[in-house]
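[1] just to be clear, the model below is a prediction. Sequence and coordinates:
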Amino acid sequence: MLSIRNLQVAYPIQGGFHLAVRDTSLEVAAGEFFTLLGPSGCGKTTTLRSVAGLETPTGGRIDIGGVTVFDGDSGLITPPQKRNISMVFQSYAVWPHMTVAQNVGFPLESMRMPKSEIRPKVLETLRMVGLDGYEDRPATQLSGGQQQRVALGRALVKGADLLLLDEPLSNLDAKLREQMRSELRTLQTTLGQTTIYVTHDQEEALSLSDRIALMDGGDLIETGTPLELYLRPRHIFTARFIGQAEFIPCSGLTRDGDSQRAETPFGPMLVTANDRDEGDLLLVRPEHIQFADVSRGDAPNCFDGQVVSASFSGKHVEYVVAVADRQVAVQAASHTINKAGDKVRLHIPPELLVPLKDS
Amino acid sequence: MTDAVLAPDDRAGLSLRWRLARWVPSLSLGVLLAWMVLVPLALVLISSFKPTGFPSDKGWTTENYSDVYFSAEFWELVGNTVQFAFGATIMALSLGALIAWLVERSDLPMKGLVRALVILPMATPPVLMAIGWVMLLSPRTGAINDLLIYLFNLDSAPINIYSMGGMIFVEGLALVPSTFLILSPAFRNMDPSLEEAAFTSGAGLFTTIRKIFLPLLAPTIMAAAVFLLIVGFLVFDIPGTIGMPVGIFVLSSQVVYLANDAPGGLPEYGLISAMAIFFLVIVLTLAWSYQRYTRLQGQFVTVTGKGWRPRSVALGKWRWPAFTMIAVYFLLAVAAPVAILIWTSLMPYQSGVSLDMLEKATLANHIDFFSNRRAVQSSINSVLIAIAASTAVALLSVLVSWVVIRSKAPGRKIIDALSFLPIAIPGTLIGVGLIYVYLTINFIPIYGTIWIIMIAYTTNYLSFGSRATHGVMIQLHADLEDAAKTSGAGWWRTMRRIIVPLAFPAIAAVWIWVLAHCMRELTSALLLAGANNTTLPVLLWGYWSGGEPNKAAAIGVWLVFAMLICVAGWQIMASRSKSSGREAF
């Protein structure tokens, strides 16, 4: 559906060019909910705006639905209005001089659809985004959440092949954001529209997306499903950016049949379910570390430690545990009862350890 | 963010057609603007080095410069001009800012009325305001002087309008509406949460104004101050009316004097051009700093797709004193000068205000105005010129602002500079420059017609127009336009349905502002006047300086009347557009 090859976006700055996006390639399948995730300035919005045609890339190629809309080699550039896309902006960009219906009907008007056909289509779309009865309200008399819905309706109304969303939820308050998030996902599933979603919020990205592309400093770091990126990241940046991470230095990673062994400051560790043969760090998520029975003997990946601090936060308890001169963060369900100073035994499940290169 | 720096090898691949297309907007606008602005200036520069002062004549000389710059008289002139410009700026800025804040940000009573009336002084051309105040405060027949002498039994007139103070006073009054119009949108559009944040941090009203309001608005206020200074440097009408008869000259009145009443009988174009170059340098410096402040102003993008309602500060016991102050301003700027004009227009000869004279009241001057063919022709000329020029300015301004602020067209900075440059070109200079241009290039036969004046006005007011539309374009979040593009709208539809409607109040304001200023403009029209293109202000000036104040007053009364109709019509138009969420000034 969307194919981006070797995209490069450079801005002239003093003494040369700043590369907002460098050599980024990705493929998005039809009907996919695809998220561009990364910290601010990583190039995710620039990539999205290049797809929309609002930004002129300096190189590469973009195809939408098999049609080339930008080609740096031949100099082909299709202006935004001729691309089969629609877009929702972070600022909503609801036109203040129009009513709700005029806002939502504008894309149809631009397609030169007869007025008599526009109205029913607009009403249907408004029902879809939960704004029935609001059609003749001036856009300025809406709350933030309602304006967001108008912007969404305006993007959905013409049924473009590709829906582009630029941090659409970041201006909403937390509760509304969660509600809109699930509505958005439902809508997208029902309509089956290919969606490119830009956000810096990892939780949003994980819960919404079929696949995520993680970007940093203009580079595409890694692409994968939310589970892959969370459980089996290939880059240390991914492990750090998504979720909490504990890194245990390791050396001498050697394969022994289906499992691997490595030396760590805690002692030897077993790694299973892993296809990578290199790494100088072992990643483990704090919620995957378990408290084991202190009396348990020499089971693999069990280590003695002492609780340094425990803080209760409702759903779970955050512990810091000292093991062999190092401190490890452990997250456990709220019924665990360990206090600071308690001697504990930690179990790090071998199938949840991921070897990574520290670079 | 990594700062990857790379050699520019990239754009080479883009097709020639695409690269050429990118140049179209700036190139076509650029050629037009260069013709309007640069060509007259170049000819002025050339003529300043000509012995005859005429650009197409033979020979070169620097004598014009030595004549001008080595005379003590000239530097005295400069001193006068500086004093005049600063005085008027300080007065207009403090009064204008105060009124703008009261109207936009306080619970002043009858705000709507004040907002509607504040543009009223624009309906009284400065030349009329000056004439009115001469009639009120002249030491010989001034009505207020007479009254004061009578009340306090004085020997002589206590106030002399024919002074630097008098000139500054009237100019200050005349500049308040422009100050208000520049400042009030900024006051209104400032996000109230910034102030609320200050209040909730425990700051009082005055601390908030001093610590939050003023610093945030400093760029706007500085921009307004520089704008006023420039006007003060350039303006002719008021110093011409009040200062010239008693020999208090500023630069602009000296230029008009040299052009129209030079001792030798022939215009001293060489000296005028040499002097104009000085003008240009000073005002360009000011214009450059204005540009800097407005750029700073651009850093506060204040209107997004979200809306808010500005909050008002409660004035408490100061509500009515504040209102009274504004009322006094209207009395001084409009009511008093217009009243004395009406009185004088009904008199057979110049006289003080008294009951005895009331018996002699006559409509002869008014009847003369409507039956005199020259007067009728001048009225038609004025209206045609004003409508053509204001429409041209409004269209050009929107295009210029879009290219400069929104498009990524190369060369847009040059367009910006070209459209702003006219602010540094006084009406006198535009007048002289256009004389050179259209006398030299006689295949465009517009010399001596109304069209040469229309071109002068379009050039002159383009800087104001484009600044006003720039402001709006900056405040319109770019997403609003991008959203139209991604909704499938092309350039024309985006302009027509999104940009123009959103910028409509500003465009309407530009149109009416230019219309009103064209109707009342005197300087360029005076320099470009021939037998067939006399405008109303030129005719009025002729009567006034020819010693027929009563006829001049009659014309003035009708000129004010015509301008009032313009302003009222615009108010109705603007309030109609409110229904769609737009706010008029």
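    Great, that's in hand.
[2] what pLDDT does the model give residue 202?
    Since no chain was named, I'll use chain A. Per-residue confidence (pLDDT) for A:Q202: 92.
[3] the intended chain is chain B.
    68.
[4] the nearest residue to A:C42 once chain neighbours are set aside: neighbour count?
    Once flanking residues are discounted, A:C42 sits nearest to A:M215: 4.3 Å by C-beta to C-beta, 6 or more residues apart in numbering or on different chains. In short, each C-beta sits where N, CA and C put it, glycine included. Per other C-beta atoms under 10 Å in any protein chain shown, the neighbour tally for A:M215 reads 28.
[5] the helix or strand harbouring A:M215 - contacts with which helices or strands?
    Taking DSSP states H and E as the criterion, A:M215 maps to strand A:211-216. Packing partners of strand A:211-216 (3 or more C-beta pairs under 8 Å, 6 or more residues apart in numbering or on different chains; DSSP states H and E): strand A:16-28, strand A:33-37, strand A:219-224, helix A:226-231, helix A:236-241.
[6] which of these has the lowest average pLDDT?
    For the helices and strands packed on strand A:211-216, the weakest mean pLDDT is recorded on strand A:16-28, namely a mean of 89.
[7] how far does it sit from its chain's centre?
    With C-alpha atoms, centre = their mean, to the nearest Å as the basis, strand A:16-28 stands 18 Å off its chain's centre.
[8] residues of it that come out buried?
    A:F17, A:H18, A:L19, A:A20, A:V21, A:R22, A:T24, A:L26, A:V28 (16 or more other C-beta atoms under 10 Å in any protein chain shown).
[9] can I get the helices and strands packed on strand A:211-216 in a markdown table including distance to B:A97?
    As requested, the helices and strands packed on strand A:211-216 are exported to a markdown table (distance: least, C-beta to C-beta, whole Å):
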| stretch | distance to B:A97 |
| --- | --- |
| strand A:16-28 | 40 |
| strand A:33-37 | 47 |
| strand A:219-224 | 50 |
| helix A:226-231 | 56 |
| helix A:236-241 | 49 |
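[10] hmm, B:L522 is touching B:L536, no?
    No: the pair B:L522 and B:L536 does not pass the contact test of C-beta atoms under 8 Å, sitting 9.6 Å apart.
[11] now the strand or helix carrying B:A506: mean pLDDT?
    B:A506 belongs to helix B:500-520 when assigned by DSSP H and E. Taken as a whole, helix B:500-520 has a mean pLDDT of 83.
[12] which parts of that helix are buried?
    B:501-520.
[13] also near chain A: which of these, exactly?
    B:P501, B:L502, B:F504 (C-beta under 8 Å from any C-beta of the partner chain).
[14] show residues contacting stretch A:312-328.
    Residues outside stretch A:312-328 that contact it (C-beta atoms under 8 Å, 6 or more residues apart in numbering or on different chains): A:246, A:248, A:265-267, A:286-287, A:289, A:303-311, A:329-334, A:336, A:338, A:344, A:346.
[15] out of the buried residues of strand A:16-28, who's near chain B?
    Applying C-beta under 8 Å from any C-beta to the buried residues of strand A:16-28, those adjacent to chain B are A:F17, A:H18, A:L19, A:R22.
[16] quick one: what helix or strand has the closest residue to B:Y436 other than its chain neighbours in it?
    Nearest in space to B:Y436, with sequence neighbours left out and distances taken as C-beta to C-beta, 6+ apart, is B:L43 at 3.9 Å. Secondary-structure assignment from DSSP H and E places B:L43 in helix B:39-47.
[17] swap in B:L128?
    helix B:126-137.
[18] now do that helix, average pLDDT.
    Mean predicted confidence for helix B:126-137 is 91.
[19] ditto for stretch B:142-162
    On average, stretch B:142-162 scores 86.
[20] how about that stretch: buried residues?
    B:G142, B:A143, B:I144, B:N145, B:D146, B:L148, B:A157, B:I159, B:N160, B:I161, B:Y162.
[21] residue 239: what's it in contact with?
    Just so you know, I chose chain A. A:P233, A:A245, A:F247, A:L283, A:V354, A:L356.
[22] you looked at the wrong chain, it should be chain B
    Contacts of B:P239 by C-beta under 8 Å, 6+ apart are B:F84, B:M167, B:E171, B:I248, B:F249, B:V250, B:S252, B:S253.
[23] try A:K44
    Residues counted as contacts of A:K44 (C-beta under 8 Å, 6+ apart) are A:L36, A:L37, A:G38, A:V198, A:H200, A:M215.
[24] B:L396 versus A:L76, what's the distance?
    Separation of A:L76 from B:L396 (C-beta to C-beta, to the nearest Å): 33 Å.
[25] ok, residues contacting stretch A:336-350?
    Contacts of stretch A:336-350 (C-beta under 8 Å, 6+ apart): A:259, A:269-273, A:284, A:288-294, A:296, A:299-310, A:317, A:319, A:321, A:323, A:328, A:330.
[26] specify the beta-bridge partners of the closest residue to A:F70 other than its chain neighbours.
    Distance criterion C-beta to C-beta, 6+ apart; nearest residue to A:F70, sequence neighbours excluded, is A:I62 at 4.3 Å. Taking DSSP bridges as the rule, A:I62 bridges to A:I4, A:F70.
[27] circling back to that earlier point, quick one: contacts of the strand holding A:M215?
    With C-beta under 8 Å, 6+ apart, strand A:211-216 has contacts from A:24, A:26, A:28, A:32-39, A:42-44, A:47, A:205-206, A:220-226, A:229, A:237-238, A:241-242.
[28] residues of the stretch 451-585 of chain B that sit close to chain A?
    B:477, B:479-480, B:482-490, B:493, B:497-498, B:501-502, B:504, B:580-582.
[29] only the buried subset of the residues you listed, as a PyMOL command please.
    Only the buried entries of those go into this PyMOL selection, using 16+ other C-beta under 10 Å:
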select buried, chain B and resi 477+479+480+482+483+484+485+486+487+488+489+493+497+498+501+502+504+581+582
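[30] in the stretch 151-300 of chain A, what residue comes closest to chain B?
    Per C-beta to the nearest C-beta, A:G217 is where the stretch 151-300 of chain A lies closest to chain B, at 4.0 Å.
[31] can you give me the buried ones in the strand holding A:M215?
    Of the residues in strand A:211-216, A:R211, A:I212, A:A213, A:L214, A:M215, A:D216 count as buried by neighbour count, 16+ other C-beta under 10 Å.
[32] next one: that strand to chain centre, how far?
    6 Å.
[33] partners of that strand, with directions?
    strand A:33-37 (parallel), strand A:219-224 (antiparallel).
[34] show me what the first one is in contact with.
    Counting by C-beta under 8 Å, 6+ apart, the neighbours of strand A:33-37 from elsewhere in the structure are A:2, A:26, A:28, A:44, A:47-48, A:185, A:188, A:194-200, A:202, A:204-205, A:208-215, A:241-242.
[35] could you pull out the helices in the stretch 101-250 of chain B for me?
    Along the stretch 101-250 of chain B, counting by DSSP state H, counting those that start in this stretch, helices occupy B:111-117, B:126-137, B:143-152, B:164-189, B:192-200, B:205-208, B:214-234, B:237-238.
[36] center of chain A - which residue?
    Nearest residue to the geometric centre of chain A (C-alpha atoms, centre = their mean): A:A205, 3.1 Å.
[37] low-confidence regions, the stretch 401-550 of chain B specifically.
    Applying pLDDT under 70 to the stretch 401-550 of chain B flags no residue at all.
[38] that one: helices as residue ranges?
    So, for the stretch 401-550 of chain B - with DSSP H, counting those that start in this stretch - the helices run B:412-420, B:427-440, B:450-475, B:478-486, B:491-493, B:500-520, B:523-528, B:536-545, B:549-576.
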